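Visitor: Build me a model:
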Amino acid sequence: MGREHSTLDDRRSQVERAIGMPIVLRAIRTPDRTLRGQVTPRAGYLLLEYQVAIAGYFWHVPIIKELLDRIERGEREIVLRQKPAES
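Guide: Okay, the predicted model is just below:
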């Protein structure tokens, strides 16, 4: 657990330095099961929210990494959704 969080903290710090703005991470639980994560600009910081499906499981790590990569590329309003299953 510690190593993954340390890596994410380092990555977040790197992106914050690159964009000159703090990024606040927040785990969320919503009834919208298609929502994986989102970034919303706030006054003086970016709010990065990620869906938590199962407490203690690290499936959110790739979501956070993808959102941080997109922030670093210049995106500021992002919504990631689960692709619908094909029938």
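Visitor: now the strands: where do they sit in this protein?
Guide: 23-28, 35-42, 45-51, 78-81 (DSSP state E).
Visitor: out of the ones you listed, deepest packed?
Guide: Comparing the strands of the chain by mean neighbour count (mean count of other C-beta atoms under 10 Å), strand 45-51 comes out on top with a mean of 19. C-beta coordinates here come from the backbone N, C-alpha and C atoms, glycine included.
Visitor: Now do the contacts for the residue nearest to the spatial centre of the chain.
Guide: With distances taken as C-alpha atoms, centre = their mean, residue 64 lies nearest the centre of the chain, 3.2 Å away. When contacts are counted by C-beta atoms under 8 Å, 6 or more residues apart in numbering, residue 64 touches 8, 12, 25, 37, 48, 50.
Visitor: re earlier: can I get the strands of the chain in a markdown table with distance to residue 60?
Guide: Below are these laid out as a markdown table (distance: least, C-beta to C-beta, whole Å):
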| stretch | distance to residue 60 |
| --- | --- |
| strand 23-28 | 7 |
| strand 35-42 | 8 |
| strand 45-51 | 5 |
| strand 78-81 | 11 |
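Visitor: a markdown table for those strands, including distance to residue 69 and mean pLDDT?
Guide: As requested, the strands of the chain are exported to a markdown table (distance: least, C-beta to C-beta, whole Å; pLDDT from 0 to 100):
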| stretch | distance to residue 69 | mean pLDDT |
| --- | --- | --- |
| strand 23-28 | 12 | 95 |
| strand 35-42 | 11 | 96 |
| strand 45-51 | 12 | 96 |
| strand 78-81 | 10 | 96 |
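Visitor: Nearest to residue 17, out of these?
Guide: Closest of the strands of the chain to residue 17 is strand 23-28, at 10.6 Å (criterion: C-beta to C-beta).
Visitor: low pLDDT regions in this protein?
Guide: 1-5, 54-57, 84-87 (pLDDT under 70).
Visitor: buried stuff in the longest helix that it contains?
Guide: Taking DSSP state H as the criterion, the chain has its longest helix at helix 2-19. By neighbour count on 16 or more other C-beta atoms under 10 Å, the buried set for helix 2-19 is 8, 11-12, 15-16.
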